[in-house]
Structures are given as structure tokens and as C-alpha cells.
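Q: Sharing a model that was predicted from the sequence below.
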Amino acid sequence: PIPFWLSWLLFWLILFIMDLYFSLETLDHSHFTELGVTLFCASLCISVSVCAQIMSHLYQDIEPFIAADNHELEHWFYKKIQFIYQGKWPIISGICFAAVAEFSVGQVIDSFSQGSVFLVYFRTSYRLLGFFLLGLSIWSLINVMLFPSQLLRFKFKLHMSNLSGVGIQALGNAFFRMSLSTILCFIILVFTILVSPLSGSLVVLIWVGLGSILIFCFFLLPQIGIHQIMAVEKKQQVIAFSRHLEAALSMSLKDPTSENMQRLKDMFELQTYLKNLNDWPFNIGAFWQLISALLIPLLLVILQIIFKV
């Protein structure tokens, strides 16, 4: 029994060592590209496992703040997790993506094996495995993106503590952590491309660009869904409080004593506080950190292509 991340890392490093051994007699170039590919595949496996763990632990954070039958909510939640990470659809997605990726860049990658038939087949086998895992992870990313908007089918309880990082805002924190783990995989892939013979390929740039868009959407789209939930909750809080404000205003008009006027003043201050509550589950600093982490590697790839042309 070893940590899951270490088991994935050892598995892909063993494949790299085998690749290194088989190619020593036929290739004379450095193996930074092969090392980067195996590290990317390892990070991909680790990221999917981390995201699955974050999602499965999310139930205990959101359950107290959803006004629904516990058995119904739990059944829906874990059925959704199984749909994202288990069953036939992730496998079908992985197979389809592997076929498309192999068709688009497979022959170009094989050309760097210098005619060694065994090495071509060996690299093709673990490259297809990597493409399959990448397709599986894309399936999970897309479905996890839709998760917050699907939560809108349930009614949420009014609770002020969701603004301190628990409850609904815990969804925003979870998606930000999952985005960071996905970005780490993306950075490893980009730097692998930069040191590989494929650094000047337009096809590779297109793939990198699509990956950047997907990761950005993985962060932003769920946050929009969470924002919709928080905005509805905030509106309900303001409407519920307005009744108390109207009562205080009516009392002050009928009997304008200092006590009633002070109470009315406090009510207006509390109304202002409610209206100014943040209904987005992330701050601007986190948003710009994510943008920077995505744009810098992408710009490096673009500059590499421009200078090679």
C-alpha cells in the first residue's frame, strides 16, 4: 500500500526507463521529450484521481445547505459522480479521443523513432494509453463543469455562513483546487512540447490552444453556475429582510422616538451590508492567477513557432 500518486508516478517512470533502454542503441538524442510525456501522463492520472476525491468529499460540505431529502440528494450526487468517472461513457470518450489524436499527430511522432520497428510499436502503445487517459479526463472535465448548474434543480437553504468558505462557496474553492491540478498537467505538457521536435508544429499549437480554452472554461463555467445559486440566495435574503425594514420604517413614521430611529438606521445599514455581499465564489486575485498560469505557457509555444518560422 503506497499513496496513489506515487503508484501512478512509478508506473509511468518504469515505462520511461523501458523506453530509454530500448532506444539507447538506435537513438542519439536526449530523452527530455520522452521523460516529459511520461511525467505528463503521470500528472494526468494523479489529477483525475485528485479531482475525483475532491468531488466525492464535496457532498458533506453542501448537504447541510440544500433543502432536499437526504436520501434523494445523496442518491443523485453519487450517481452523478459515477456517471463522471465510471461506466462506459468515460471509456468511449477515451477511445474516441485516442483515435482522433493518433490520427492527427501519431505519424509525426513516429517519425522521430528513426525506423526502429519495435520502438515505434512500444511508443505507440503507451502513447495510445496516454491519449486514452487524456480523453477520459476531458470527459470528466466537461461533466464536472456542468455539475453546479445541475445543482440548481435543488432548493438551497438561506444561510449566511456560505459566504465564509463553506456551503455553496465550498463549491467555488473545490473547483479552484481542481483547476490548479489541471493547470499543472497543462504546464508539464507545454514545456514538454517546447523541448521536443514538435515545438514548431501548427497542429500542436491548435491542441495546446484547445487545452487552454478547456481549462479556462473548467474554472469559469462552474463558477458562473455557483454564482447563479449564490445570487438567488442573496436575492432571497434581501427580500426576506425587506419585511423587517418596512416594519421598522412604519414604526418610525408612527412613533419617531430616538429608539425607533436608531433601530431604523441599523436596519438600513444591515440592508446595505446584504446588498454588498459577494455573490461570486472566487476573488479577482485567484482569477488572474489562473489566467497567468494559462497564458504564459501558451505564449511560449506561440513564440517558439514564430521564431522557427
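A: Great, that's in hand.
Q: Apart from its neighbours in sequence, what residue is nearest Leu4?
A: Actually, residue 4 is Phe rather than Leu. For Phe4, ignoring the flanking residues on the chain, the nearest one in space by C-beta to C-beta, 6 or more residues apart in numbering is Ser49 at 5.4 Å. To be clear about C-beta, it is placed using only N, CA and C from the backbone, and glycine gets the same treatment.
Q: now the one helix or strand that neighbour maps to, how far from the chain's geometric center?
A: Element membership for Ser49, per DSSP states H and E: helix 32-57. Between the mean C-alpha location of helix 32-57 and the chain-wide mean there is a distance of 12 Å, by C-alpha atoms, centre = their mean, to the nearest Å.
Q: Assess the claim that Leu184 and Leu44 are in contact.
A: No. Here Leu184 lies out of contact with Leu44, judged by C-beta atoms under 8 Å, at a distance of 9.8 Å.
Q: Between those two, which is the more surrounded one?
A: Remark: of Leu184 and Leu44, Leu44 carries more neighbours, 24 against 17, as counted by other C-beta atoms under 10 Å.
Q: Looks like Ser47 contacts Leu184 (just checking).
A: Yes. Assessed by C-beta under 8 Å, Ser47 is found in contact with Leu184 at 7.0 Å.
Q: what's the overlap in contacts for those two?
A: The contact sets of Ser47 and Leu184 do not overlap (C-beta atoms under 8 Å, 6 or more residues apart in numbering).
Q: Tell me how many other residues crowd the residue nearest to Phe4.
A: The burial metric for Ser49, expressed as a neighbour count using other C-beta under 10 Å, is 16.
Q: quick one: contacts for it?
A: The neighbours of Ser49, taking C-beta under 8 Å, 6+ apart as the test, are Phe4, Trp5, Trp8.
Q: in this protein, which helix has the most residues?
A: What stands out as the longest helix in the chain, according to DSSP state H, is helix 202-254.
Q: on that earlier part again, after the helix holding Ser49, heading C-terminal, what element do we hit next?
A: Beyond helix 32-57 on the C-terminal side, the first helix or strand identified by DSSP H and E is helix 59-62.
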